[in-house]
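>>> Provided below for reference: sequence and predicted model.
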Amino acid sequence: MAEFSGKHVVKNVSEAGAVRHIDAFEFVRLGRSLEGSTPLARFVRLLEGLPEQDPAAVVRWSARADRGPLGEPLIRLDVETVLTLQCQRCLGPLATPIESEVALQLVETEAELDDPDVFDESDMDAIEAGRDFEKVLGSRRFDLLEQVEDELILSVPYVPRHDVCPSGGGKSGDAPDDKPSPFAVLAGLKTRPDDVGK
Ligand SMILES: [Zn+2]
């Protein structure tokens, strides 16, 4: 009678790849690692306000268990993708490679998230050693992809720009008139070989 719900469950598993949630503390205790590729289109929060993305784009990510200097449970997360952003100079689309990593420190209670005392000494050490951990609430159903998404959101550049905008980016009024344009110089070079050849 209630059999039809089984079909739905199977569908969800195949869609999610079954790795979305992990038991975070167990993951660290067993020294595990995990990696995957997830379609960029699934990261709805990230894509809010961004231009249309390459439909084939994926996010590659990996998670690795580690310990901090004081034994803090850590998950080191690497994320990598290519986002299409809008160039703030020419307003055209700009393919922007994103590559980032973060060390997530698992804490057990909400209180520890913003309790400075918990982190006190290791905080100082960590900052001096260039290791500043990002505290997150660990759980038995830890949402890995949400962490991946958070890290991507933090990695989006504020003012993305082409190094050189395509198609000249051209109001001629911006260029000083006394300088020959590089295109004119090129044109001059092109005509020369004819003369030299004679
Ligand atoms: Zn541009």
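On my side now, so go ahead.
>>> switch to C-alpha atoms for all contacts and neighbour counts from now on
Will do.
>>> helix/strand/coil for residue 52?
Secondary structure, DSSP: H, G, I helix; E, B strand; the rest coil: residue 52 is coil.
>>> my guess is it meets residue 84, correct?
Yes - contact criterion CA atoms under 8 Å: residue 52 and residue 84 qualify, at 7.1 Å.
>>> please say which of the two ends up with more neighbours.
Neighbour count, other CA atoms under 10 Å: between residue 52 and residue 84, residue 84 has more, with 19 against 14.
>>> residue contacts, that one?
For residue 84, the contacting residues are 50, 51, 52, 53, 54, 93, 94, 95, 96, by CA atoms under 8 Å, 6 or more residues apart in numbering.
>>> got it, and residue 57?
For residue 57, the residues meeting the contact criterion (CA under 8 Å, 6+ apart) are 39, 40, 41, 81, 82, 83.
>>> which of those residues has the most neighbours?
Of all these, the highest neighbour tally under other CA under 10 Å goes to residue 83, namely 25 neighbours.
>>> show the pLDDT at that residue.
Here, the pLDDT recorded for residue 83 equals 97.
>>> for it, identify the helix or strand it belongs to.
Using DSSP states H and E, residue 83 maps to strand 73-86.
>>> in a markdown table: the contacts of residue 57, plus distance to residue 157.
Output for the contacts of residue 57, formatted as a markdown table (distance: CA to CA, whole Å):
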| residue | distance to residue 157 |
| --- | --- |
| 39 | 21 |
| 40 | 17 |
| 41 | 19 |
| 81 | 13 |
| 82 | 12 |
| 83 | 10 |
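>>> between these, which is nearest the ion?
Within these, the smallest distance to the ion is 14.7 Å, found for residue 83 (CA to the ion).
>>> so which bits of the protein are right by the ion?
Residues of the chain found near the ion, taking CA under 5 Å from the ion as the criterion, are 87, 89, 90, 162, 165.
>>> out of those, who's nearest residue 106?
Sorting these by how near they are to residue 106, with CA to CA, puts residue 87 at the top with 36.7 Å.
>>> what's the closest one sitting at in phi/psi?
Per-residue torsions, residue 87: phi -60, psi 130 (degrees, to the nearest 10).
>>> same question, the one 10 residues further on
Torsion angles at residue 97 (phi, psi; degrees, to the nearest 10) stand at phi -70, psi 130.
>>> next: residue 153.
Comment: the main-chain dihedrals of residue 153 come out as phi -60, psi -40, following degrees, to the nearest 10.
>>> quick one, what contacts the nearest residue to it once chain neighbours are set aside?
For residue 153, the nearest residue in space outside its immediate sequence neighbours is residue 46; the separation is 5.6 Å by CA to CA, 6 or more residues apart in numbering. Residues touching residue 46, when contacts are defined by CA under 8 Å, 6+ apart, comprise 149, 150, 152, 153.
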